[in-house]
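> Please work out how this folds:
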Amino acid sequence: MPKVTITSATLNIREQPSAASKAIGQYEQGEVVTVQARVDGKYLRSGLHWLLTDQGWIAEKYTQPVYGGPDVVFTPAMHAPGSDWMWQNPDLQAMLRQVNLPIKFLSIGFNGDYWAAFNKPAFHLVRIYWPSDKTKWSPLEVWEYAKAGVLRFYSLGARKFELLNEPNLQQEGLGYSWKNGDEFGRWLAEFAGIVRQNCPDAQLYYPGLSPGVPWTNQFTFTDAAWPHVQAMMYGICQHAYSGTTNNAAVAAADVVTQVREFQKRYALERPLIISECSVNRAASAAYKAQVYHRVEQELATIPGVEALVYFISHWEAPPAQAAHQEAWLGTDLAHQYKSLAL
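Modelled structure (predicted):
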């Protein structure tokens with residue numbers, strides 16, 4: 001169970017999750033206590049979230065979460081191109097060499113051909129890919145499709161696998177292979193079991209979701225899915241973006257806030273990978289580099305945050321998203337980023 005450190009001089013312990021409830025004891029500043037439950041949203045008229053300890057309820061705002069999972073060293077990384085054939089593009093290869101970041105690979109096509117040239121010892125991640133086509137796929141059918149690529153990466157030394165992508169979207173299976181978070185959790189538990197049978201040393205990561213608007217919309221889906229798979233996951237992935245294009249400090253703070261809140265909810269006992277991150281609206285390369293530099297500086301100070309994966313090296317975006325200019329290739333972003341790199 002997660003733990004928190006008391007940050008106020010003293011903190012009242014209450015019978016119920018309410019500031020009006022009777023105080024039945026106190027914690028002192030610096031004490032580390034175990035959290036059994038968190039009340040989120042129901043008792044917020046006072047603006048407080050509440051944590052249940054073995055002695056009673058405490059106000060969360062006067063605590064600091066304590067990461068208790070495996071030790072990790074933070075590293076920035078780059079997302080592989082969305083189309084695997086782009087790996088053959090000399091300009092893409094040159095850009096990846098310029099930024100010199102670890103890679104989040106996809107499990108299909110040419111990706112495996114470039115493991116030896118572009119994998120870094122500091123970090124890697126392989127997203128298990130399937131071509132969701134708005135038909136129903138069973139866990140075994142997805143595995144049969146993805147098996148060759150996954151086993152190839154595993155034989156090459158890959159151990160960190162993100163299990164699919166944004167399952168709360170229709171184009172990624174919602175409404176066809178599962179109808180809600182609960183069904184996805186059951187589906188994913190079966191799929192994770194198949195992956196584990198074939199790759200016994202793999203470290204499995206729950207997939208990053210499309211955050212939604214507001215970004216906390218994703219919680220409803222994962223809250224229902226998570227109990228089915230929590231014990232099977234070595235880590236968890238998150239997708240975090242900012243649409244702020246006129247203030248680098250605000251944009252960076254937006255991303256960092258998302259990460260801190262997400263970690264508090266799901267990742268205090270396991271590593272967290274931000275497996276997609278970008279300023280997801282059009283802005284200058286220099287501006288985006290400033291945002292990413294600020295985000296890296298902050299995330300590097302948070303225990304348990306394993307990696308930040310920039311979206312994306314190259315992507316043939318649909319028309320509605322092409323104007324957002326998220327792809328690095330074809331811009332000056334690699335140069336601007338390297339000029340500010342940690």
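> which residues does the residue most central in space within the chain bridge with?
Nearest to the geometric centre of the chain sits Gln238, at 1.8 Å (CA atoms, centre = their mean). Taking DSSP bridges as the rule, Gln238 bridges to Ile274.
> what residues are up against it?
By CB atoms under 8 Å, 6 or more residues apart in numbering, the residues touching Gln238 are 208-209, 258-259, 262, 267, 272-275. Backbone N, C-alpha and C define where each C-beta goes, glycine included.
> next one: Val32
For Val32, the contact set (CB under 8 Å, 6+ apart) comprises 3-6, 66.
> need the residues you listed in JSON lines with neighbour count, pLDDT and distance to Leu48, can you?
As requested, these are exported to JSON lines (neighbours: other CB atoms under 10 Å; pLDDT from 0 to 100; distance: CB to CB, whole Å):
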{"residue": "Lys3", "neighbour count": "17", "pLDDT": "93", "distance to Leu48": "19"}
{"residue": "Val4", "neighbour count": "22", "pLDDT": "94", "distance to Leu48": "14"}
{"residue": "Thr5", "neighbour count": "14", "pLDDT": "96", "distance to Leu48": "18"}
{"residue": "Ile6", "neighbour count": "19", "pLDDT": "96", "distance to Leu48": "15"}
{"residue": "Val66", "neighbour count": "16", "pLDDT": "95", "distance to Leu48": "20"}
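> mind putting those in TSV, distance to Leu188 included?
Shown next, in TSV, are those (distance: CB to CB, whole Å):
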residue	distance to Leu188
Lys3	27
Val4	29
Thr5	33
Ile6	36
Val66	28
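> quick one: which of those residues is nearest Pro227?
The closest of the contacts of Val32 to Pro227 turns out to be Lys3 (CB to CB; 20.1 Å).
> rewinding a little: as CSV, the contacts of Val32 with distance to His335 and secondary structure would be great.
Output for the contacts of Val32, formatted as CSV (distance: CB to CB, whole Å; DSSP: H, G, I helix; E, B strand; the rest coil):
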residue, distance to His335, secondary structure
Lys3, 43, strand
Val4, 42, strand
Thr5, 42, strand
Ile6, 46, strand
Val66, 39, strand
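> Just name the closest of these to Phe219, please.
Using CB to CB, these come closest to Phe219 at Val4, 19.2 Å.
> Would you map out the domains in this structure?
The chain breaks down into these domains under automatic domain parsing: 3-66, 75-340.
> what sits against Gly185?
Contacts of Gly185 (CB under 8 Å, 6+ apart): 224-229.
> And for Met232?
189, 192-193, 196, 204.
> out of those, which are buried?
189, 192, 204 (16 or more other CB atoms under 10 Å).
> Give me the pLDDT for the second one.
Predicted confidence (pLDDT) for Ala192: 99.
> Roughly how far does it sit from Pro207?
Distance of Ala192 to Pro207, given as CB to CB, to the nearest Å: 11 Å.
> Is Thr220 in contact with Asp182, as I believe?
No - using CB atoms under 8 Å, Thr220 is not in contact with Asp182, being 10.5 Å away.
> State the three-state secondary structure for Ala19.
coil (DSSP: H, G, I helix; E, B strand; the rest coil).
> And for it, the neighbour number?
15 (other CB atoms under 10 Å).
> Ala322 too?
13.
> ok, now the one 3 residues further on?
Per other CB under 10 Å, the neighbour tally for Gln325 reads 20.
> Pull the contacting residues for it.
Gln325 neighbours (CB under 8 Å, 6+ apart): 282-283, 331.
> which residue ranges form the strands in the stretch 51-200 of the chain?
57-59, 63-66, 75-79, 103-106, 125-127, 160-162 (DSSP state E, counting those that start in this stretch).
> Any chance of these in JSON lines with distance to Thr245 as columns?
Formatted as JSON lines, the strands of the stretch 51-200 of the chain follow (distance: least, CB to CB, whole Å):
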{"stretch": "strand 57-59", "distance to Thr245": "36"}
{"stretch": "strand 63-66", "distance to Thr245": "31"}
{"stretch": "strand 75-79", "distance to Thr245": "20"}
{"stretch": "strand 103-106", "distance to Thr245": "25"}
{"stretch": "strand 125-127", "distance to Thr245": "27"}
{"stretch": "strand 160-162", "distance to Thr245": "28"}
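> mean pLDDT lowest for which of those?
Taking the mean pLDDT of those, strand 63-66 comes last: a mean of 92.
> Listing partners with orientation, what would you give for that strand?
Here, using DSSP bridges, strand 63-66 pairs with strand 3-6 (antiparallel).
> what residues do Ala192 and Pro207 have in common as contacts?
Common contact partners of Ala192 and Pro207 (CB under 8 Å, 6+ apart): Leu163.
> picking that back up, dump the contacts of Gln238 to a markdown table, plus pLDDT and neighbour count.
Converted to a markdown table, the contacts of Gln238 look like this (pLDDT from 0 to 100; neighbours: other CB atoms under 10 Å):
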| residue | pLDDT | neighbour count |
| --- | --- | --- |
| Gly208 | 99 | 26 |
| Leu209 | 99 | 26 |
| Gln258 | 98 | 22 |
| Val259 | 98 | 22 |
| Phe262 | 97 | 26 |
| Ala267 | 97 | 25 |
| Leu272 | 99 | 26 |
| Ile273 | 99 | 26 |
| Ile274 | 99 | 26 |
| Ser275 | 99 | 26 |
